[in-house]
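Student: Quick one, what's the 3D model for this:
(2 chains)
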Amino acid sequence: DVKVTQSSRYLVKRTGEKVFLECVQDMDHENMFWYRQDPGLGLRLIYFSYDVKMKEKGDIPEGYSVSREKKERFSLILESASTNQTSMYLCASSLNLNSLYNSPLHFGNGTRLTVT
Amino acid sequence: GQQVMQIPQYQHVQEGEDFTTYCNSSTTLSNIQWYKQRPGGHPVFLIQLVKSGEVKKQKRLTFQFGEAKKNSSLHITATQTTDVGTYFCAGPGTGFQKLVFGTGTRLLVSP
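Tutor: Residues are numbered from 1 along each chain as shown, chains lettered A, B, ... in the order given. Predicted structure coming up:
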């Protein structure tokens, strides 16, 4: 069974701090994703990666960057945390089907980040 | 950009009542997926639909993909308290292997 592990369940950071959110998957999936979830807004894609060292902007990349140095690990970086980045962050992975059809996403348990 | 809307945003039913959530896309979808997120949990994949007019069933859950492949629905017959959670639809976004999620429907079931 696929396991996607996020390093922290809860994080509290101060405005202006640099924040790292780590995600590791154990099923050799090519694709990895970072979403944020806010009430009434659903899940919004921040960044995704379809291969090592490859990254693509999602719908709301501003204020974030990512790193994928190894296939199993995808890191989300908040360069200078702000209060409007307080949210639930969800990492996910999936197989690359190389087709029109999307492979199901496997999510981690999420990191609830509070920026004060 | 592509938008996927879900209605209703929230529904509260008595146990045993039926429930339906609707998903509408601004563009034609090659496929659509449904996820369930229990309170305090993470989204879990339920099913994928790929054909126009396709209907799939999982026990009390019935999933339908519209003929024009721009809408979908999830119907739960005789809800149980274990059905509580938020249901999301998701369709392909522009670009490679992206998924765009709907806004979700939160279901509350009272015993």
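Student: where does the residue nearest to the spatial centre of chain A land on pLDDT?
Tutor: Nearest to the geometric centre of chain A sits A:Trp34, at 2.3 Å (Cα atoms, centre = their mean). The model reports A:Trp34 with a pLDDT of 97.
Student: correct me, but it touches A:Val66?
Tutor: Yes - checked against Cβ atoms under 8 Å, the pair A:Trp34 and A:Val66 is within contact range at 6.6 Å. C-beta here means a position set from N, CA and C on the backbone, and glycine is covered the same way.
Student: Touching both of the two, which residues are there?
Tutor: A:46-47, A:74, A:76 (Cβ atoms under 8 Å, 6 or more residues apart in numbering or on different chains).
Student: Looking at those, which is nearest A:Pro104?
Tutor: Using Cβ to Cβ, A:Phe74 comes nearest to A:Pro104 of these, at 17.2 Å.
Student: Identify the residues contacting the closest one.
Tutor: Contact partners of A:Phe74, counting by Cβ under 8 Å, 6+ apart, are A:23, A:25, A:32-34, A:49, A:66-68, A:91, A:93.
Student: Pairing partners for the least confident helix or strand in chain B by mean pLDDT, with directions?
Tutor: Every helix and strand in chain B was compared by mean pLDDT, DSSP states H and E; the lowest is strand B:99-101, with a mean of 88. Next to strand B:99-101 in the sheet, as set by DSSP bridges, lie strand B:85-92 (antiparallel).
Student: Grab the CA positions of the partner strand and hand them over as CSV.
Tutor: Only the C-alpha atoms of strand B:85-92 are listed here, as CSV (Å, rounded to 0.1, in the frame of the first residue of the first chain):
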residue,chain,number,x,y,z
GLY,B,85,-17.1,13.7,5.5
THR,B,86,-16.3,15.9,2.6
TYR,B,87,-16.7,14.6,-1.0
PHE,B,88,-14.5,16.1,-3.7
CYS,B,89,-14.6,15.6,-7.5
ALA,B,90,-11.4,16.2,-9.4
GLY,B,91,-10.7,16.6,-13.1
PRO,B,92,-7.6,17.0,-15.3
